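got a predicted structure here, sequence first:
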Amino acid sequence: MKAFEQFINPEVIAGHKIDMLFRIMAKLGHRSNTTGLFNLNIIGIRTLDNTPNVFNDWLAVWYYAQTEYSNGLKAERAYFHLWPITTDPGVYYLKNPLKLAGTMILKEGQYKNVYKLDLHRGKYLALCQRLGWVKVYRDRNKDELIDFKPDSIEQGEFGCNIHRAGKFGPLVWIDKHSAGCQVFKDTYHFNHFIQLCEAAKELWGNKFTYTLINESDFDMLK
């Protein structure tokens, strides 16, 4: 079984998946949060599946929190979540870019303390790019295919937020729900994620790091 297949396999224990992410982050020169309660590691994983308009990527979150055992003892333990998202825009915005430069597609990298809890489009609480710049590709040819062209990269504050698709339940198609943001397929998963972010905010302040890696990065674990 390939490393990435192990990672998304629900039968593989969480500890092994955390170790895989930690090793990949180290190899890429990215920082992992390994101390403190609710010091979240938020990691998007863009898969090699380029099928347009579907939620075929992942968001992994791991952190330490205190747990109480049946004998009354308390201890810190690692928690891990893996949720389906999209790291790519939907077909609607690929064909109808919001800017002449083209539709944005977040570039892989670690964006330290760039995100904060804020209102997405003034409507609901999400993790929003408000505190710094990110790098994006610009897809400007208005077809259904996602283009990652090195000569199209821009850097700036683009409102590349982490938010949900619909109000209720999981959706099948991205459609107008992403113009290049990182978007949850399932509202229930998103609400859980925001609860974790609120807990982290109380301890660490309203600033969050988001790291986007690629499925191909798992090949480094061979």
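That came in fine, so what should we check first? Numbering: from 1, shown residues only.

can you tell me the SS state at the residue most central in space within the chain?
Compute the mean C-alpha point of the chain, and by Cα atoms, centre = their mean the closest residue is Gly44, 3.3 Å away. With DSSP: H, G, I helix; E, B strand; the rest coil as the basis, Gly44 sits in strand.

just checking, it touches Leu59?
Yes: using Cβ atoms under 8 Å, Gly44 is in contact with Leu59, at 5.4 Å. The way it works is simple: take the backbone N, C-alpha and C, and place the C-beta from them, glycine included.

distance of the residue nearest to the centre of the chain relative to Lys142?
25 Å (Cβ to Cβ, to the nearest Å).

all strands of the protein, in order?
41-46, 57-68, 74-86, 103-106, 109-120, 124-129, 134-139, 154-156, 162-164, 182-184, 208-214 (DSSP state E).

so which of those is nearest Leu28?
Nearest to Leu28, of all these, is strand 208-214, at 6.8 Å by Cβ to Cβ.

okay, now the sheet partners of that closest one, with direction.
strand 41-46 (parallel), strand 109-120 (antiparallel) (DSSP bridges).

before we move on, the earlier item: who touches both of Gly44 and Leu59?
Here Gly44 and Leu59 have Ile85, Gln182 as joint contacts, going by Cβ atoms under 8 Å, 6 or more residues apart in numbering.

now the residue of the chain most remote from its centre: how far from Ala65?
The outermost residue of the chain, judged against the average C-alpha position, is Asn71 (36.6 Å), by Cα atoms, centre = their mean. From Asn71 across to Ala65, the span is 18 Å (Cβ to Cβ).

same question, Leu196
Leu196 sits 9 Å away from Ala65, going by Cβ to Cβ.

between these two, which one's more packed in?
Leu196 (17 against 13; other Cβ atoms under 10 Å).

which residues touch the more buried one?
Applying Cβ under 8 Å, 6+ apart, the residues near Leu196 are Phe38, Leu40, Val61, Tyr63, His81.

what's the answer for Ile18, then?
Here Ile18 is in contact with Trp62, Ala78, Phe80 (Cβ under 8 Å, 6+ apart).

returning to that earlier point: who touches both of Leu196 and Ala65?
Phe38.

tell me how far the longest helix out of those in the chain is from the chain's mean position?
When the chain is parsed with DSSP state H, its longest helix is helix 187-204. For helix 187-204, the gap between its own C-alpha mean and the chain's C-alpha mean amounts to 13 Å (Cα atoms, centre = their mean, to the nearest Å).

give me the buried positions along that helix.
Thr187, His189, Phe190, Phe193, Ile194, Leu196, Cys197, Ala200, Lys201, Trp204 (16 or more other Cβ atoms under 10 Å).

next: stretch 8-25.
Those would be Ile8, Lys17, Ile18, Met20, Leu21, Ile24, Met25, for stretch 8-25 by 16+ other Cβ under 10 Å.

how about stretch 30-39?
His30, Ser32, Asn33, Phe38, Asn39.

what residues are up against the fourth one?
Taking Cβ under 8 Å, 6+ apart, we find Phe38 in contact with Tyr63, Tyr64, Ala65, Leu196, Ala199, Ala200, Glu202, Leu203, Trp204.
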